[in-house]
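A.B. asks: My questions concern the predicted model and sequence given below.
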Amino acid sequence: MALSRLGDYIELTDNKNTDLQFDITDVRGISIRKIFIPTKADMDGVPLTSYKIVKPLEFCYVTITSRNGEKITLALNDSDQTYVCSSSYVAFSIKDSTKLLPFYLYMYFNRPEFDRYSRFNSWGSAREAFGWEDMCDIEIDIPSIEVQQKVVDVYLAMVANQKVYEKGLDDLKTSFEGYIESLRRKRDKKPIMEYLYESFDRNIGSSTPALGVSIEKKFIEAKRESTSYENYKIVKLNEFAFRPVLDKMDSSFTLALNRTVNCAVSPAYIVFGTNVDGLLPKYLMLWLSREETERWLAFNAWGSARNTIELSDLGRLEIPIPSISIQKDIVEVYEAYEMRKRINEKLKKQINEICPVLIKGSIDLNQQ
């Protein structure tokens, strides 16, 4: 099969939002996962007249590829809604969809091979870019429209199944959060301090692995090495560890619950556990992970140069504490949600991984 120049099949769509037909609710950014996302930019006072219109089945991408995780930021508008994107983005469409299907091209873009190609062919000094001419100069195998449709049908069927699964996941999350909110409103709340204890066990004579804690509420590999870990604090199963100093960037609370084997953390961290007869660690972790708790902690932090939270400050947090059986039920529902969320992410990953397989299969099929 002869290679085709992609530029013969695509064209710029430089339509601007000059009459303000679309407002801030229509503004979208693009992620390196190659999907449109709600914009993260501060839009206060930003005029939208220069923003580019991206209609359904049109593409948009960011030319800058440096410091971008070795990926190109690109997306296809696969919704029935028209978006507006930054004027710095490049918006384009397919000239004739009877020769090249938008979803087939999107599958082509969604391969690691394309990310490597775009990065290798980016140019610039301060910032490397993959411009419109570079996009047009891509040489691509374009099978017959019938073959394209076959592989697109397989891809869209997988996407549809994943969307159904995700919808069930969203419903479960909504129901769970509604129950938690109802619990917060209807039940008396108690300070958690009466259920907590602080642990000072040290890592003396032990080979317990040293870990750090991230703002994602997880234990991670320690970023700093130490000549001696004997002064490190032991975190036992179902115990917590947190960093008293809040994150400089967004005042996030750095905390994690140990769900596996013993580990050790910096002596600067605070380690604590709960009285499991009255407060389950996983139930407490659920509340400590909520955004409103983050805001409460940021408001109640104290200090001059650095905002700090001690265990006594954390202990003033009031939450509803039902019976242990109800706590267990809530934890089980939450863990079911978390498990389904992980499965959903695996489904998304599998869909991305199938794109190069389907593209190669379409080329092989067309040559038969």
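C.D. replies: Ah, there it is. Numbers count the residues shown, from 1 in each chain.

A.B. asks: make it CA atoms for all contacts and neighbour counts henceforth
C.D. replies: OK.

A.B. asks: now the longest helix along the chain: mean pLDDT?
C.D. replies: When the chain is parsed with DSSP state H, its longest helix is helix 324-367. Helix 324-367 comes out with an average pLDDT of 90.

A.B. asks: what packs against that helix?
C.D. replies: With contacts taken as 3 or more CA pairs under 8 Å, 6 or more residues apart in numbering; DSSP states H and E, helix 324-367 sits against helix 102-109, helix 145-186, helix 281-288.

A.B. asks: domain parsing for the protein?
C.D. replies: Using automatic domain parsing, the domains assigned to the chain come out as 4-142, 188-321.

A.B. asks: on that earlier part again, and the helices and strands packed on helix 324-367, which one is worst for confidence?
C.D. replies: helix 145-186 (a mean of 91).

A.B. asks: quick one: it to helix 324-367, angle?
C.D. replies: 170 degrees (axes from the mean of the first three to the mean of the last three CA atoms, to 10 degrees).

A.B. asks: what's the following helix or strand after helix 145-186?
C.D. replies: strand 189-191 (DSSP states H and E).

A.B. asks: Can you tell me which helices and strands that next one packs against?
C.D. replies: strand 318-320.

A.B. asks: picking that back up, I'd like the helices and strands packed on helix 324-367 as CSV, with mean neighbour count and distance to G131 appended.
C.D. replies: Formatted as CSV, those follow (neighbours: other CA atoms under 10 Å; distance: least, CA to CA, whole Å):
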stretch, mean neighbour count, distance to G131
helix 102-109, 21, 15
helix 145-186, 15, 26
helix 281-288, 18, 45
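
A.B. asks: how near is the residue nearest to T13 when sequence neighbours are not counted to C263?
C.D. replies: Sequence neighbours aside, F92 is the residue nearest to T13 in space, at 4.8 Å (criterion: CA to CA, 6 or more residues apart in numbering). To C263, F92 is 52 Å away according to CA to CA, to the nearest Å.

A.B. asks: M339 too?
C.D. replies: From M339 to C263 the distance is 24 Å (CA to CA).

A.B. asks: Which of those two has more residues huddled nearby?
C.D. replies: C263 (20 against 11; other CA atoms under 10 Å).

A.B. asks: quick one, phi/psi of that one?
C.D. replies: Main-chain torsions, C263, degrees, to the nearest 10: phi -140, psi 180.

A.B. asks: what's the pLDDT at it?
C.D. replies: 90.

A.B. asks: How about the contacts made by S266?
C.D. replies: Shown in contact with S266 (CA atoms under 8 Å, 6 or more residues apart in numbering): A210, L211, G212, N231, Y232, K233.

A.B. asks: Okay, and the third one sits in which element?
C.D. replies: Here G212 is covered by strand 211-213, with elements defined by DSSP H and E.

A.B. asks: Which strands border that strand, and is each parallel or antiparallel?
C.D. replies: Paired strands of strand 211-213, with direction, are strand 219-221 (antiparallel) (DSSP bridges).

A.B. asks: Now do the next helix or strand after the strand it pairs with: everything it contacts.
C.D. replies: Counting by DSSP H and E, the next helix or strand C-terminal to strand 219-221 is strand 233-235. Residues outside strand 233-235 that contact it (CA under 8 Å, 6+ apart): 200-203, 208, 241, 258, 262-267, 269, 271.
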